[in-house]
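> could you look at this predicted model? Sequence included:
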Amino acid sequence: MHIDRLNSVPLSVKLVVGVSVILIVVMGLFTSYDMRTRTRFHLEQQQQWAHTLSDTVMRSIEYSMFDGKMDDVQAILERLYTLKGVKVVNLCDETGTIKYSGLPVNRGTTCSLRLTKQALETGAVVKALEMFRQEKVLYYAMPIPNENTCFRCHGSGKKILGSLTVGISWTPIEKRIASLRNREIIFVIFSLLVVGFFLILFLSKYITRPLSQLTRLADDISRGNPGTDFGRVLKCWEMENCTKKDCPAYGNLEIMCWYVDGTLCQVQPSGTFPEKLDMCRKCKVYRAKAGDEMVQLADSFKHMLYRLRKSEEDLRQSEEKYRLLFDTEPNPIFILEPKTLKILDANARAESQYGYGKEELMNMTFIDLEHEGEPQEIMSAFDGVMDGRCVLFSKKRHQRKDHSLFFANVHICCARYVGRDALIATTTDITETVMKEAQLIQASKLATLGEMATGIAHELNQPLNVIKIGSAFLLESVQAGRKVSEKDLTTIAEEFNGEVDRASGIINHLRNFARTGDISKEEVFINEPIRGVFKVLGQQLKLRQIDLELDLDEHLPSIMADSNRLEQVFINLVTNSRDALEEVSGHRKVLKIRSFMEEGNVVVTVSDTGKGIPSHIMNKIFEPFFTTKEVGKGTGLGLSISYGIIRDYGGTITVQSEEGRGTTFRLTFPPSREGRPGS
């Protein structure tokens, strides 16, 4: 409470009061010391006078006492008593009885003064200040020794014959000391008033007024108003007759030259503030204009204001640049809160792309823009780590305000936004690309079907031959008039029905394979599209004397994909292996497909013992339109399309090959979150 009150007192008042207290204490101590010194001096002077007076009396009465003229002794003491300031003059015997006195009435009485008794007892001079009739008196008691000249009257048995006591008034001395003390007090008060007056003027001009100006300026800055220019102006180029107009300080009236970076006062640029100050202190401009602490404080404040204005200008330009880049970016950009994916900011392109206004987007989460989106997918990609990483989510379905859908690649990076962790999401509309890719995949399917036409015809020819043979048998029996037994009819009908089902299954499978695949994902058990391949190509492999080995784990978890597209991938791989095996001879032709779990992923390997892939083209086999087949036998799109399909499902495809020994393609897929095992 007291500190708060003290803090509210103006600085000038506190300084004046503080200086006054210091002056009072110093002058008080000085006055006290002076009074004690003066008192001691006057006491010594009075004591010296009392001693001189006593010694004079003793010498004056000495001969009168030798001659026995005691009346002369009394007369001398009475004359002495009439001197100014003398209050007591007593001559006592060894018992303390006053024999002679400046006041005759005191003769014959016993001296009551303590000093007289002490002088008689000790035989030494005793001096002290004591009260006498309500007045302070300086007493000087001098013992009278029994000397040789006194033996004829007093004998030699006594050491002390008596004492002479003189008392001098102390009142004049006290008045003189009091007068001096009063004069010194008046001088102190006058000095305080003079010092306080000039101190207030000095503080007001050089401290409180500049501080008040700095305070008002700081208040203006806090309210967003930098205020007007203040402080002094320095033209160092005029003082130095400098003509270096390319110097940053030349013509700069806002701050002192020693605050300016890269000045050209020397041959080389001076460097930056404050490192350059050591060099500037040697400059005559600095020595002449540096000023005292208050001036330097004002200059520093002006420098701070200059830097603040410059920083505000840089910040404004940076903000304009950021906003320009942010709003003119052709793709939608979103600033997201990492934990909830709430939209914190969005650019103008995001508003036009999604059809929402800025305020509407700010009240939504990024997942609201996805069609059947799952926040866990984005959350798990970052897993609470904000280390500048970026993640691409490809071919995500997003929906506009009018519920129309489009495909987008979502690129999300960790960043800092207004002092906190955030995610920056950029979405790129790839609907047209996805549609063209789907058309390309469909064209590749049709090309694959064209390449498999002979094998498919053979697959269909077998059930037709069975039906033809059975129908010919029935026709011949009818023409010959032979009766067909009920057992034979049943057998023929069952064969017909089975072969029709077989042909129908092949046709339906081909129709399903040839349809346009869905871009969306669903749970797929990887073994199903693998088996579907051999409904079409199984007979072809047998005709080419290729042994098929399937090693499929029946308890694999499902993956998120499209079965139709996965079958196209495996058809591409199997047909490539088939073609590679056709070009070799002399050893067993084997095509082996395995499916298994490894390190939490579903893995499929497709291996053959064909001619292998030359090492110098290994890094080109996934490029579009690259093929080693003869013209007309391959489009060069099979592996490229397969690579894109596998990547869309979060998988990978790698290849290992050795010329003359065979090739192995390795496919990995992450299991679905449900992870239900296949049957």
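Right, received. Where do you want to start? Numbering: from 1, shown residues only.
> so where's the stretch 501-650 of the chain uncertain?
Residue ranges of the stretch 501-650 of the chain with pLDDT under 70: 501-520, 624-637.
> the helices in it, which residues?
Remark: helices assigned in the stretch 501-650 of the chain by DSSP state H, counting those that start in this stretch are 527-543, 563-582, 638-648.
> with residue 171 as the reference, measure out to residue 42.
Separation of residue 42 from residue 171 (Cβ to Cβ, to the nearest Å): 12 Å. Bear in mind the C-beta positions are built from the backbone N, C-alpha and C, glycine included.
> so what's the gap between stretch 92-108 and the chain middle?
Relative to its parent chain, stretch 92-108 has a centroid offset of 98 Å by Cα atoms, centre = their mean, to the nearest Å.
> and if you look at stretch 344-359?
Here stretch 344-359 is found 31 Å from its chain centre; the criterion is Cα atoms, centre = their mean.
> let me see the mean pLDDT of that stretch.
Stretch 344-359 comes out with an average pLDDT of 90.
> what are the buried residues along it?
Of the residues in stretch 344-359, 345-347, 349-351, 353-354, 356 count as buried by neighbour count, 16 or more other Cβ atoms under 10 Å.
> in the stretch 151-300 of the chain, where is pLDDT below threshold?
151-157, 220-231, 266-269, 291-294, 296.
> ok, back up a step: which of the helices of the stretch 501-650 of the chain sits closest to residue 252?
Closest approach to residue 252 among these (Cβ to Cβ): helix 638-648, 59.5 Å.
> counting by contacts, list what that closest one packs against.
In terms of contacts (3 or more Cβ pairs under 8 Å, 6 or more residues apart in numbering; DSSP states H and E), helix 638-648 is packed against strand 390-399, helix 431-451, helix 563-582, strand 652-658.
> show me which residues of the first one are buried.
Of the residues in strand 390-399, those buried by neighbour count under the rule 16+ other Cβ under 10 Å are 391, 393-399.
> most tightly packed of the helices of the stretch 501-650 of the chain?
For these, average neighbour numbers computed from mean count of other Cβ atoms under 10 Å are highest in helix 563-582, which has a mean of 22.
> does anything pack onto that one? Which helices or strands?
Short answer (3+ Cβ pairs under 8 Å, 6+ apart): helix 563-582 packs on helix 431-451, helix 486-514, strand 522-524, helix 527-543, strand 590-598, strand 601-608, helix 638-648, strand 662-669.
> in the chain, which strand has the most residues?
Secondary structure assigned by DSSP state E gives strand 405-417 as the longest strand of the chain.
> now the angle from that strand to strand 390-399?
Angle of strand 405-417 versus strand 390-399, following axes from the mean of the first three to the mean of the last three Cα atoms, to 10 degrees, is 140 degrees.
> what ranges does the stretch 251-400 of the chain have for its helices?
Under DSSP H, counting those that start in this stretch, the stretch 251-400 of the chain gives helices at 277-280, 284-289, 293-328, 348-354, 358-362, 375-382.
> columns distance to residue 106 on top of those, output as a markdown table?
Formatted as a markdown table, those follow (distance: least, Cβ to Cβ, whole Å):
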| stretch | distance to residue 106 |
| --- | --- |
| helix 277-280 | 88 |
| helix 284-289 | 83 |
| helix 293-328 | 75 |
| helix 348-354 | 122 |
| helix 358-362 | 115 |
| helix 375-382 | 117 |
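> what's the burial count for residue 186?
10 (other Cβ atoms under 10 Å).
> how far away is it from residue 23?
14 Å.
> same deal with residue 29?
Residue 29 is 11 Å from residue 23, by Cβ to Cβ.
> which of the two has more neighbours?
Neighbour count, other Cβ under 10 Å: between residue 29 and residue 23, residue 23 has more, with 16 against 10.
> and the more buried one, which of the three is it?
helix (DSSP: H, G, I helix; E, B strand; the rest coil).
> list the contacts of the nearest residue to it once chain neighbours are set aside.
Spatial nearest neighbour of residue 23, excluding adjacent residues (Cβ to Cβ, 6 or more residues apart in numbering): residue 192 at 5.8 Å. Residues counted as contacts of residue 192 (Cβ atoms under 8 Å, 6 or more residues apart in numbering) are 20, 23-24.
> what about residue 192, which SS state?
helix.
> mind listing what's buried in stretch 36-45?
residue 42.
> what's in contact with that stretch?
Here stretch 36-45 has contacts from 129, 138, 173, 176-177, 180, using Cβ under 8 Å, 6+ apart.
> ditto for stretch 25-32
Residues contacting stretch 25-32 (Cβ under 8 Å, 6+ apart): 181, 184-185, 188, 191.
> output stretch 665-673 as PDB, nothing but the C-alphas.
Taking C-alpha atoms only, stretch 665-673 is exported to PDB below (Å, rounded to 0.1, in the frame of the first residue of the first chain):
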ATOM      1  CA  PHE A 665       7.500 -58.600 -58.700                       C
ATOM      2  CA  ARG A 666       6.700 -57.800 -55.100                       C
ATOM      3  CA  LEU A 667       3.500 -55.900 -54.200                       C
ATOM      4  CA  THR A 668       2.700 -54.600 -50.600                       C
ATOM      5  CA  PHE A 669      -0.600 -53.200 -49.400                       C
ATOM      6  CA  PRO A 670      -1.500 -51.800 -46.000                       C
ATOM      7  CA  PRO A 671      -4.400 -53.800 -44.400                       C
ATOM      8  CA  SER A 672      -7.700 -52.000 -43.800                       C
ATOM      9  CA  ARG A 673      -8.400 -50.600 -40.400                       C
END
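> buried residues in stretch 109-118?
By 16+ other Cβ under 10 Å, the buried positions in stretch 109-118 come out as 111, 113, 115-118.
> to clarify, my last question referred to stretch 299-316.
Buried residues in stretch 299-316, counting neighbours by 16+ other Cβ under 10 Å, are found at 299, 301-303, 305-306.
> what sits opposite the closest residue to residue 588 other than its chain neighbours in the beta ladder?
Leaving aside its chain neighbours, residue 588 sits nearest to residue 547 (6.5 Å; criterion: Cβ to Cβ, 6+ apart). Applying DSSP bridges to residue 547 yields these beta-bridge partners: residue 590.
> residue contacts, residue 609?
Residue 609 makes contact with 581, 584, 587-590, 661-662, according to Cβ under 8 Å, 6+ apart.
> next secondary structure after the strand or helix carrying residue 41?
Per DSSP states H and E: residue 41 is located in helix 11-67. Downstream of helix 11-67, the first helix or strand assigned by DSSP H and E is helix 70-81.
> what packs against that next one?
helix 11-67, strand 86-93, strand 98-101.
> mean pLDDT lowest for which of those?
Among the helices and strands packed on helix 70-81, helix 11-67 scores lowest, at a mean of 77.
> could you measure from the nearest residue to residue 15 once chain neighbours are set aside over to residue 74?
Leaving aside its sequence neighbours, residue 15 sits nearest to residue 203 (Cβ to Cβ, 6+ apart; 5.7 Å). The gap separating residue 203 from residue 74 is 73 Å, by Cβ to Cβ.
> hang on, the earlier thing: columns distance to residue 259 on top of the buried residues of stretch 299-316, output as JSON lines?
As requested, the buried residues of stretch 299-316 are exported to JSON lines (distance: Cβ to Cβ, whole Å):
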{"residue": "299", "distance to residue 259": "8"}
{"residue": "301", "distance to residue 259": "11"}
{"residue": "302", "distance to residue 259": "9"}
{"residue": "303", "distance to residue 259": "4"}
{"residue": "305", "distance to residue 259": "11"}
{"residue": "306", "distance to residue 259": "8"}
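> out of the residues you listed, flag the one nearest to residue 340.
Ranked by distance to residue 340 (Cβ to Cβ), these are led by residue 305 at 41.2 Å.
> the closest one touches residue 259, doesn't it?
No. Using Cβ atoms under 8 Å as the test, residue 305 is too far from residue 259 to be in contact (11.2 Å).
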